[in-house]
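Colleague: Curious how this folds, go ahead:
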Amino acid sequence: MSVASDGDHKRRLALFVLCMRYDIAPGNPLWPFVRNLPGLNLRVGKDNLTNDGDPKHIFKRNRALVSSSEGITIKNVCINRDLLLGWLERLPNQDWSETSIHNLLHPSDGQNVSDAIKLMMSIIEIAKLDTEDFDPGEMAEFEALCLLGEAYNALLQPFINVELTLAEMINMPLAKHIQPSWLPLELRMAFLIGHEGGAVLNVKGTEEVRSGDLRADSCDLEKCWAAAVQAAERILLKHGVQMAVTFAERFKRKDTDLSRPLGGKYPAISGGVDRSMTSVSDAPAEDLIDPETRNFAQLVAGVDIDAMIVSENNYDSSTGTPHLFAEIDATRRLAHKKSILRTLFDMTVDGHASHDRLQRVRGYTIGGKSWARDVKQDHNISTKTHFQLGNLFTTLLAYNNTHLGLAVARCTLIKHTPPGSKPISMSAVARTELHLPSSNYMISGQVLSLTLLAGSHPDNATWVWDGQYISLSLKKKQSPGEETTRRQNLQIVVSGRLIDFNIQDQALSISTAELPSSGGLEKTWSFRNSD
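Modeller: Numbers count the residues shown, from 1 in each chain. Next comes the predicted model:
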């Protein structure tokens, strides 16, 4: 039996307590079917009760993730709404304008499942683009987007393809070596066995019934699982992801599964409490639940809910208590006063990063908040006159608190803050404006990892990009044993007055065939000291 949830934090906590109490072990009727499925989360509740998420909410949250300013990190490439805007514009045979792309990446209605699926399927289509004219930076982004598209395809197909059999659904290569920097832990989908029923998402406007064979005896779980693992490993190798250990070796480690491939905490339960279950036994998991949750259960154990409801119904609320909500326009729509103040006075507010769940999901009104992108930009943009997203630049970076180094970076975000206004995101800016004393442009970028080319002359050394980006250490101490690379470690933010963009014209694109390390790219950039 499986209990579904829409992902609300309180429900996740409740389902964790109910459905993560025991390990499936010999003697359990499920043991013969799951014992040889490495990576499968074997925690269940009483009578083998498991918890599951509504796939529609998974789709919507994936959309919110990639359409945020934070985005996600794949192969050290930060994929966010600014990057996706440029790539979606390249898709052929798509009947949309910039406005419709804008609606996909910053929706007024975060609950629109069809638009969430459309965005994910559009990302899948990026893999079909012709790569002949791509520069090395674009190729790195393309590989990362292709890998994301592969994951989205495996996630969507079992729900939108009515012809898939049960075996084919389980064969979808979702079992892969993904790091927490890929997606927030609560969005990580392990596999789709829990959705083998007859339901299918109605994305075509007509009712359809699955035609594939969905009988349980038509599927050999072990064979399907092994095939999915092999397919996932092939996909990773195809897109240049080097695996330190094999899938089977990774999940031989104690306290690891697809819900926590690096061990540690289970996803989306609590940011401050380690709920990973270090002790594996057949006993109930009360001892593995944190004291805060256990104390809360004790507090409410003797509460008479019916009496509370009667008491609340008899309560006279007409006491003149100040209202938390205020009318914001002639339509008498209500908005939370704290949200109004934060929206009006916080210049860096981002609804997707809000601690308020309703703000993240929907915005404080049904219309949401408009994504401030400059739509009045000059259309006569060229690489000679404008600095654009994806261009290279150089700047100075301090490191080790004592040294100063020259960094070559690739632009990922251009923000302009007019006096008295909120920052707006731009795709290009005139080069002549960047270095003006009054320039209010902030440039975000990723620092290229450069390798000295063997055999180059010492007086004019040649450096080549190895396909990776530098991960910078933050002042904040990392938690012990942390292995993941966070997005903020990969980004630098610098004033437009402190960058030099001439490196874009001096970089040479070369083949990686004769280079010892290429990061999986077919071509890369080279630079000389004389540049």
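Colleague: Could you pull up phi and psi at N93?
Modeller: The phi/psi pair for N93 (degrees, to the nearest 10) reads phi 60, psi 30.
Colleague: What about it, how many residues nearby?
Modeller: When neighbours are counted by other CB atoms under 10 Å, N93 registers 6. Placement of C-beta: from N, CA and C, glycine included.
Colleague: P158 now?
Modeller: 25.
Colleague: pretty sure it is in a helix, no?
Modeller: Yes - counting by DSSP: H, G, I helix; E, B strand; the rest coil, P158 falls inside a helix.
Colleague: and it, what pLDDT?
Modeller: In this prediction, P158 carries a pLDDT score of 80.
Colleague: In this structure it contacts L166, no?
Modeller: No - using CB atoms under 8 Å, P158 makes no contact with L166, being 9.4 Å away.
Colleague: Just give the strands next to the lengthiest strand in the chain in its sheet, each with its orientation.
Modeller: If you go by DSSP state E, the chain has its longest strand at strand 403-416. In the sheet, strand 403-416 lines up against strand 392-399 (antiparallel), strand 424-426 (antiparallel), strand 441-452 (antiparallel) (DSSP bridges).
Colleague: Can you say which of these is packed in most?
Modeller: The highest mean neighbour count among the strands paired with strand 403-416, using mean count of other CB atoms under 10 Å, belongs to strand 441-452: a mean of 20.
Colleague: Show the subsequent helix or strand relative to that strand.
Modeller: Downstream of strand 441-452, the first helix or strand assigned by DSSP states H and E is strand 462-469.
Colleague: How confident was the prediction at D329?
Modeller: 72.
Colleague: and it, that one's in a strand?
Modeller: No - counting by three-state DSSP, D329 falls outside a strand, being coil.
Colleague: okay, now it: neighbour count?
Modeller: 8.
Colleague: for it, phi and psi?
Modeller: phi -160, psi -180.
Colleague: Below-threshold pLDDT in the stretch 51-200 of the chain: ranges please.
Modeller: 97-99, 170-200 (pLDDT under 70).
Colleague: And the helices in it, which stretches?
Modeller: 55-66, 81-88, 98-105, 113-125, 136-160, 166-171 (DSSP state H, counting those that start in this stretch).
Colleague: quick one on the thing from earlier: flag every buried residue along the longest strand of the chain.
Modeller: A407, V408, A409, R410, C411, T412, L413, I414, K415, H416 (16 or more other CB atoms under 10 Å).
Colleague: avg pLDDT for that strand?
Modeller: The average of the pLDDT scores along strand 403-416 is 88.
Colleague: CA atoms only: put it into CSV for me.
Modeller: Listed next in CSV are the C-alpha coordinates belonging to strand 403-416 (Å, rounded to 0.1, in the frame of the first residue of the first chain):
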residue,chain,number,x,y,z
HIS,A,403,47.2,36.6,-3.5
LEU,A,404,45.7,38.3,-6.5
GLY,A,405,45.1,36.4,-9.7
LEU,A,406,43.8,37.0,-13.2
ALA,A,407,40.6,34.9,-13.9
VAL,A,408,39.1,34.1,-17.2
ALA,A,409,35.3,33.6,-16.8
ARG,A,410,32.2,33.1,-18.9
CYS,A,411,29.2,35.4,-18.3
THR,A,412,26.1,33.8,-16.9
LEU,A,413,24.0,36.8,-15.8
ILE,A,414,23.9,40.5,-16.5
LYS,A,415,22.0,42.7,-14.1
HIS,A,416,21.4,46.4,-14.3
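Colleague: what angle separates it from strand 462-469?
Modeller: Strand 403-416 and strand 462-469 are oriented at 60 degrees to each other (axes from the mean of the first three to the mean of the last three CA atoms, to 10 degrees).
Colleague: residues near the nearest residue to E522 once chain neighbours are set aside, how many?
Modeller: Distances taken as CB to CB, 6 or more residues apart in numbering place T512 nearest to E522, at 6.2 Å, with adjacent residues excluded. By other CB under 10 Å, the residues close to T512 number 20.
Colleague: E132 and M139: what is the separation?
Modeller: Using CB to CB, to the nearest Å, E132 is found at 11 Å from M139.
Colleague: Mind checking which of those two has more residues around it?
Modeller: M139 (21 against 5).
Colleague: is it true that the more buried one touches L521?
Modeller: Yes - under the criterion of CB under 8 Å, M139 makes contact with L521 at 5.3 Å.
Colleague: Okay, domains of this protein per the record?
Modeller: Per automatic domain parsing, the structural domains of the chain span 2-263, 325-361, 386-528.
Colleague: quick one: which of those domains is nearest D306?
Modeller: Among the domains of the chain, the nearest to D306 by CB to CB is domain 2-263 (20.2 Å).
Colleague: Quick check: P261 vs L221, distance?
Modeller: 20 Å.
Colleague: Tell me which of those two has more neighbours.
Modeller: Higher neighbour count among P261 and L221: P261, with 22 against 18, using other CB under 10 Å.
Colleague: which non-adjacent residue is nearest that one?
Modeller: That would be R250: by CB to CB, 6+ apart, it lies 6.5 Å from P261.
Colleague: now the one you found: how far from L221?
Modeller: Separation of R250 from L221 (CB to CB) stands at 20 Å.
Colleague: The domains of the chain: which one's closest to N314?
Modeller: Among the domains of the chain, the nearest to N314 by CB to CB is domain 325-361 (24.2 Å).
Colleague: hang on, the earlier thing: so what's the residue nearest to E522 up against?
Modeller: By CB atoms under 8 Å, 6 or more residues apart in numbering, the contact list for T512 reads S518, L521, E522, K523, T524.
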